[in-house]
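In: below are the sequence and a predicted model; questions follow.
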There are 2 protein chains.
Amino acid sequence: MTGLRERKKEATRQALRAAALRLAMERGPENVRVDDIAAAAGVSKRTYNNYFASREDAIVAAVTAEREARVATALADRPAAAGLADAVIDAVVEQYTDPGGQARDALLMITASPALRASYTGTAAMIEGPLAEAITARCPGVDPLTARVLSAAVGAAVKVALQQWLEPTGPPPSPAGLVVPAGSLPDLLRAALAPLVPALEAAGRHS
Amino acid sequence: MTGLRERKKEATRQALRAAALRLAMERGPENVRVDDIAAAAGVSKRTYNNYFASREDAIVAAVTAEREARVATALADRPAAAGLADAVIDAVVEQYTDPGGQARDALLMITASPALRASYTGTAAMIEGPLAEAITARCPGVDPLTARVLSAAVGAAVKVALQQWLEPTGPPPSPAGLVVPAGSLPDLLRAALAPLVPALEAAGRHS
DNA sequence: GCCAATTCTTGCGTGCGCGCAACTTTGCGT
DNA sequence: ACGCAAAGTTGCGCGCACGCAAGAATTGGC
């Protein structure tokens, strides 16, 4: 049952996300005060902070919205015959394949701002809760603590992949081109998740 | 070479930690302003924030100081014959065995304050960097990205264990006593790290 | 010993996060 | 249809994090 209350709430959340992204894109992220976002969404500054805990959250939320839910359903949609490791990896990587829309420009802006980068990598942790539930749903026999740990490990791996992906590539032009050719994000994600495969497989067998 | 500069820096850092802990213990964490800590340590409020990014950091740092370095040396001290998984787990668990000193009282205060709890669990992530270096030092053949991912996974598992350990055990008195008997922290840590053993062993073999 | 370069400290100003206490809106039972 | 309880919004105020630029201290070379 979808009451009026929840619909209004989701509407203002959406309005705040949209306003934050729009203002950040046209003025640059640094020239956007939280009052501006709130005003653009027709709500008070205080209410903004009831929805988002920091100024950057609304901006990145415009890009990462619903990712937690989508990763959960994606995992649930994998064929039950598939191994846990493959199912999890595919479900996660799927969430980070660029749709190529305006999200591309937004991501470009995010990578350009250190504060937004930090917030963006931080969102990787948000998938942990839903992912744990999805894992227990798929493998009912697995220990809840194990599910939580594996989800946290996956979240951490994703975070590492994101950090590596948008690493500053600072002034020292890297001792060798070997370190990482800044490959595509999906490839990087698979590489980062690979070390966890044995742990996921072991847990999947004990389901 | 230990210059005067670094010694002074470490001295003020230590003074800030000590002052923060002392004031928090005698007044309660809520009644300590950051100005008070700075004043007690004989520096300005601005300087405090040059050393610690938040008010809680100094307090928890008084308890967790040097943990990153200690976990690294602990891992290096394990016999080279031991498997990577056992070495890592023992090294990590060792850092969270209560020395029983005044740290006990401090931890009690931390567990009582939600803000401090959050900061404390957050410190688990700080071991990731040194842990990754220690892993590559022990297993030179392992891919740097793998080392980083495994360290992040270990940090995430520790975080989960800490959260579970000082979980609020809210008003709903738990449907069953089964969920967790709030066992000792070392046991909880081993349980949380157990799911990662296959991943660590696999990486250790590819060294 | 002295000087220039690096590094650290400090005050100030701005914006932000959030607790609190009114007030308004929504939900639901009768 | 009415009214009460639950949930949401808003203004206010406090403390905090941090950029910035000026001043003080430490360092290494001479």
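Out: Perfect, I can see it now.
In: now do the contacts for A:Leu185.
Out: Contact analysis of A:Leu185 by CB atoms under 8 Å, 6 or more residues apart in numbering or on different chains lists A:Tyr96, A:Thr97, A:Asp98, A:Ala161, A:Leu162, A:Trp165. (Each C-beta comes from the backbone N, C-alpha and C, glycine too.)
In: I'd say the third one and A:Ala106 touch.
Out: Put plainly, it is A:Asp98. No - counting by CB atoms under 8 Å, A:Asp98 stays clear of A:Ala106, with 10.8 Å between them.
In: ok, the two, which is more surrounded?
Out: For A:Asp98 and A:Ala106, the more surrounded residue by other CB atoms under 10 Å in any protein chain shown is A:Ala106, and the numbers stand at 18 against 11.
In: ok, the closest residue to the more buried one other than its chain neighbours to B:Ala72 distance?
Out: Of all residues not flanking A:Ala106 in the chain, A:Val63 sits nearest, at 5.2 Å (CB to CB, 6 or more residues apart in numbering or on different chains). Taking CB to CB, to the nearest Å as the measure, A:Val63 and B:Ala72 are separated by 36 Å.
In: and A:Leu162, by the same measure?
Out: From A:Leu162 to B:Ala72 the distance is 25 Å (CB to CB).
In: and A:Ala161, by the same measure?
Out: 24 Å.
In: residues from chain A in reach of DNA strand D?
Out: Listed as neighbours of DNA strand D in chain A under the rule CB under 7 Å from any atom of the strand: A:Arg5, A:Lys8, A:Lys9, A:Thr12, A:Val43, A:Ser44, A:Lys45, A:Arg46, A:Thr47, A:Asn50.
In: which other residues reach the helix-or-strand element of chain A with minimal mean pLDDT?
Out: When each helix and strand of chain A is scored by mean pLDDT, DSSP states H and E, helix A:103-112 comes last, with a mean of 93. Taking contacts as CB under 8 Å, 6+ apart, the residues outside helix A:103-112 that touch it are A:21, A:24-25, A:29, A:59-60, A:62-63, A:98, A:116-117, A:120, A:166.
In: who touches A:Glu128 in this structure?
Out: A:Arg148, A:Ser151, A:Ala152, A:Val154, A:Gly155.
In: where do the helices sit along chain A?
Out: Along chain A, the stretches classed as helices by DSSP state H are A:4-27, A:34-40, A:45-51, A:55-64, A:67-77, A:84-95, A:103-112, A:114-122, A:128-138, A:144-165, A:185-193, A:197-205.
In: okay, domains of chain A per the record?
Out: Here the domain parsing of chain A from automatic domain parsing is A:4-62, A:66-205.
In: in chain A, where is pLDDT below threshold?
Out: Applying pLDDT under 70 to chain A picks out residues A:1, A:168-182.
In: up against chain B, what does chain A have?
Out: Contact residues (CB under 8 Å from any CB of the partner chain) of chain A with chain B: A:145-146, A:148-150, A:152-153, A:155-157, A:159-160, A:164, A:179-180, A:191-199, A:201-203.
In: and the buried ones among the residues you listed, selectable in PyMOL?
Out: Only the buried entries of the residues of chain A next to chain B go into this PyMOL selection, using 16 or more other CB atoms under 10 Å in any protein chain shown:
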select buried, chain A and resi 145+146+148+149+150+152+153+155+156+157+159+160+164+191+192+193+194+195+196+197+198+199+201+202+203
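In: in space, what's closest to A:Thr47 - neighbours in sequence excluded?
Out: Spatially, and ignoring its direct neighbours in sequence, A:Thr47 is nearest to A:Ala38 (6.7 Å; CB to CB, 6+ apart).
In: ignore what I typed, I meant A:Arg67.
Out: For A:Arg67, the spatially nearest residue (CB to CB, 6+ apart) is A:Gln95, at 5.4 Å.
In: and that neighbour, how many neighbours?
Out: 16.
In: any buried residues in stretch A:14-23, and which?
Out: Within stretch A:14-23, the residues that qualify as buried are A:Ala15, A:Leu16, A:Arg17, A:Ala19, A:Ala20, A:Leu21, A:Leu23, counting by 16+ other CB under 10 Å.
In: let me see the contact set for the second one.
Out: Pointing back at A:Leu16 there. Here A:Leu16 is in contact with A:Ile37, A:Ala38, A:Ala41, A:Val43, A:Tyr48, A:Tyr51, A:Phe52, A:Ala58 (criterion: CB under 8 Å, 6+ apart).
In: present the residues you listed as CSV; the columns should include neighbour count and distance to B:Ala134.
Out: Formatted as CSV, these follow (neighbours: other CB atoms under 10 Å in any protein chain shown; distance: CB to CB, whole Å):
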residue, neighbour count, distance to B:Ala134
A:Ile37, 26, 44
A:Ala38, 22, 47
A:Ala41, 22, 48
A:Val43, 17, 49
A:Tyr48, 22, 43
A:Tyr51, 18, 41
A:Phe52, 19, 38
A:Ala58, 27, 39
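In: one step back: taking the contacts of helix A:103-112, tell me the two that lie furthest apart.
Out: Farthest-apart pair in the contacts of helix A:103-112 is A:Pro29 and A:Asp98; separation 20.0 Å (CB to CB).
In: surely A:Ala69 touches A:Pro130?
Out: Yes - using CB under 8 Å, A:Ala69 is in contact with A:Pro130, at 6.6 Å.
In: more neighbours: these two, which one.
Out: For A:Ala69 and A:Pro130, the more surrounded residue by other CB under 10 Å is A:Pro130, and the numbers stand at 18 against 11.
In: can I assume that one is in contact with A:Glu68?
Out: Yes - counting by CB under 8 Å, A:Glu68 is a contact partner of A:Pro130 at 4.6 Å.
In: B:Asp77: which of the contacts of A:Leu16 is nearest?
Out: Nearest member of the contacts of A:Leu16 to B:Asp77, counting by CB to CB, is A:Phe52, at 45.3 Å.
In: ok, for A:Pro29, nearest residue in space, not its chain neighbours?
Out: Per CB to CB, 6+ apart, closest to A:Pro29 is A:Ser113, 4.8 Å.
In: the one you found: how many residues sit nearby?
Out: Neighbours around A:Ser113, by other CB under 10 Å: 17.
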